[in-house]
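**Student:** structure here, sequence nowhere to be found:
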């Protein structure tokens, strides 16, 4: 299997630089006239799978499946399998982060051989970047990717991420650690997560991997303001959108049309 970095770059070039979310929030299920239960979850995801066929990458938000327990995870396994069968890359938005054997277990679940394993997974480095080593190594062995939280848009994150240590913000140190990882492997399969609504972002010029940009659309991120963000290389910026598209549901055609409009809006980031 080709490494995730190459697979993502190829998909973005061919299908557009857009990551579509599957966020089955209870309020969205209700807005779609669906019950807030596993039956509604399944119906919601079926619409998303059909609407998103042919796009580059899709990001299920794991928390909204986990809240239904084992039945929710079963639905998530089906979503992952059906999207991948359709040729769509899958990014599990799980934000896992721990140490030692626990991190290794998370790695096996999301980047190893389990039914939950996706093309890539999000991870939190705020127990120290090297706490992610089991995940980084497992993902590399299985040709999967990791997106590491660096600079998030939630106000609470600033007190940690913008703190300056040895002349760099903590967020910049995370970006630099990811850059070093990509230089060491030469695969460009480790990316960072940077909020699309942030006024100040880390220097991304030497990252050597993709930049996931959540917050485009309903959360206020403007597609026209993203080009060259943080000095990122052309073709590496990956805007992520969820509510802006999903609120068009429940009609499959309407969701797909909203996704296509957003893809057209960010097409200038393709290269």
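**Tutor:** Done, it's in. Source: prediction; values computed, not measured.
**Student:** could you point out where this structure is predicted with low confidence?
**Tutor:** 1, 217-221, 271 (pLDDT under 70).
**Student:** the helices in it, which residues?
**Tutor:** 4-15, 26-31, 38-52, 63-66, 70-85, 100-111, 133-141, 158-161, 170-185, 243-246, 252-265 (DSSP state H).
**Student:** most tightly packed of those?
**Tutor:** Comparing these by mean neighbour count (mean count of other CB atoms under 10 Å), helix 243-246 ranks first with a mean of 22. All C-beta atoms are positioned from the backbone trio N, CA, C, and that covers glycine.
**Student:** helices or strands up against it?
**Tutor:** Using 3 or more CB pairs under 8 Å, 6 or more residues apart in numbering; DSSP states H and E, the elements in contact with helix 243-246 are strand 19-22, helix 252-265.
**Student:** any idea how far that helix is from the middle of the chain?
**Tutor:** 15 Å (CA atoms, centre = their mean, to the nearest Å).
**Student:** please apply the same query to stretch 5-17.
**Tutor:** Counting by CA atoms, centre = their mean, stretch 5-17 comes out at 14 Å from the chain centroid.
**Student:** start at 57, not 1
**Tutor:** Noted, 57 is the first residue going forward, which turns the last one into stretch 61-73.
**Student:** neighbouring contacts of it?
**Tutor:** 110-113, 145, 175-176, 199, 201, 238, 243-246, 265-266, 291, 293-295, 319-320, 322-323, 325-327 (CB atoms under 8 Å, 6 or more residues apart in numbering).
**Student:** closest one to residue 182 among the helices of the chain?
**Tutor:** Distance to residue 182, taken as CB to CB, is lowest for helix 214-217 among these, at 6.7 Å.
**Student:** hmm, back to that, just the buried residues from the contacts of stretch 61-73, in ChimeraX please.
**Tutor:** Per 16 or more other CB atoms under 10 Å, the buried members of those correspond to this ChimeraX selection:
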select :111,112,113,145,175,176,199,201,238,243,244,245,246,265,266,293,294,295,319,322,325,326
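**Student:** if I look at residue 107, how far off is residue 94?
**Tutor:** Distance of residue 107 to residue 94, computed by CB to CB, to the nearest Å: 20 Å.
**Student:** returning to what we had before: and residue 102, which of the helices and strands packed on helix 299-302 is closest to it?
**Tutor:** Set against residue 102 and scored by CB to CB, the helices and strands packed on helix 299-302 come closest in helix 308-321, at 8.8 Å.
**Student:** quick one, the closest one and helix 60-71 angle?
**Tutor:** Here helix 308-321 runs at an angle of 100 degrees relative to helix 60-71 (axes from the mean of the first three to the mean of the last three CA atoms, to 10 degrees).
**Student:** residue 228 touches residue 259, doesn't it?
**Tutor:** Yes. Counting by CB atoms under 8 Å, residue 259 is a contact partner of residue 228 at 6.5 Å.
**Student:** thanks a lot, see you next time.
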